[in-house]
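Student: Build me a model from this:
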Amino acid sequence: MGRQRGFTLLELMVVSAIVGILFATAMPLYHTWTQRAYGTEAALMMKQIMDGEIMYFLAHDEFFPEGTGTSYSVSSDGTANPGDAFTRIKEALKVAIPTGHYLDYTIQNSGSFCVVQIDAPFPLFKNDQRYLYAVIDTEGKVQYVSLAELAALLGG
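Tutor: The predicted structure is shown next:
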């Protein structure tokens with residue numbers, strides 16, 4: 001009688017168990033690495049916008065967008081408020097922030113300082129923060145602030 005080819009049921013069960021264990025250990029690591037990647041992207045976006053704001057302020061002696069109390073918002077789906085915000089930000093700050101990466105951002109001119117806010121629908125950092133806020137003043141000092149600190153700055 002000839003030898004049969006193929007795998008036994010026991011061999012298939014062992015391989016399935018090994019693949020299941022590998023998958024179960026890999027998924028939490030995958031989520032951690034994607035969270036780190038989005039957090040890094042948010043920090044990089046913030047740095048690019050702040051650098052553009054500094055250069056804009058040095059050239060125009062005011063923050064972008066022009067006028068105290070004005071703000072521009074760009075959503076991850078590409079919608080903007082006002083409608084030409086993405087183009088105006090790109091032209092004024094000389095920075096093109098990509099859309100479609102699950103990160104929304106807002107730039108607000110408050111007269112003596114500029115506020116940049118980056119939000120995500122999921123935690124960006126280990127402490128489960130879904131946002132990143134930074135404030136730049138007329139001296140070029142950039143501060144990363146919490147939501148409470150930002151509310152105190154805007155309210156006072």
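
Student: Against residue 69, how distant is residue 122?
Tutor: Per CB to CB, to the nearest Å, residue 122 is found 30 Å from residue 69. Every residue, glycine included, has its C-beta placed from N, CA and C.

Student: Ranking helices and strands of this protein by mean pLDDT, which lands last?
Tutor: helix 147-155 (a mean of 85; mean pLDDT, DSSP states H and E).

Student: on contacts alone, who are the packing partners of that one?
Tutor: strand 113-119, strand 131-137 (3 or more CB pairs under 8 Å, 6 or more residues apart in numbering; DSSP states H and E).

Student: The ones you listed into a markdown table, with extra columns for distance to residue 143 and mean neighbour count?
Tutor: As requested, those are exported to a markdown table (distance: least, CB to CB, whole Å; neighbours: other CB atoms under 10 Å):
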| stretch | distance to residue 143 | mean neighbour count |
| --- | --- | --- |
| strand 113-119 | 9 | 20 |
| strand 131-137 | 5 | 19 |
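
Student: Among those, single out whichever gets nearest to residue 80.
Tutor: Residue 80 lies closest, by CB to CB, to one member of these: strand 113-119, at 14.5 Å.

Student: Show residues contacting the closest one.
Tutor: 42, 45-46, 49-50, 53, 57, 63-64, 103-108, 130-138, 150, 153-154 (CB atoms under 8 Å, 6 or more residues apart in numbering).

Student: contacting residues for residue 100?
Tutor: 76-78.

Student: Now do the top helix by length along the chain and strand 113-119, the angle between them.
Tutor: Counting by DSSP state H, the longest helix found in the chain is helix 9-60. On the basis of axes from the mean of the first three to the mean of the last three CA atoms, to 10 degrees, helix 9-60 is oriented at 160 degrees to strand 113-119.

Student: So for helix 9-60, mean pLDDT?
Tutor: In this model, helix 9-60 has an average pLDDT of 92.

Student: likewise stretch 116-130?
Tutor: Rounded mean pLDDT across stretch 116-130 is 89.

Student: Can you get me the start-to-end distance on it?
Tutor: With CA to CA, to the nearest Å applied, stretch 116-130 spans 14 Å between its terminal residues.
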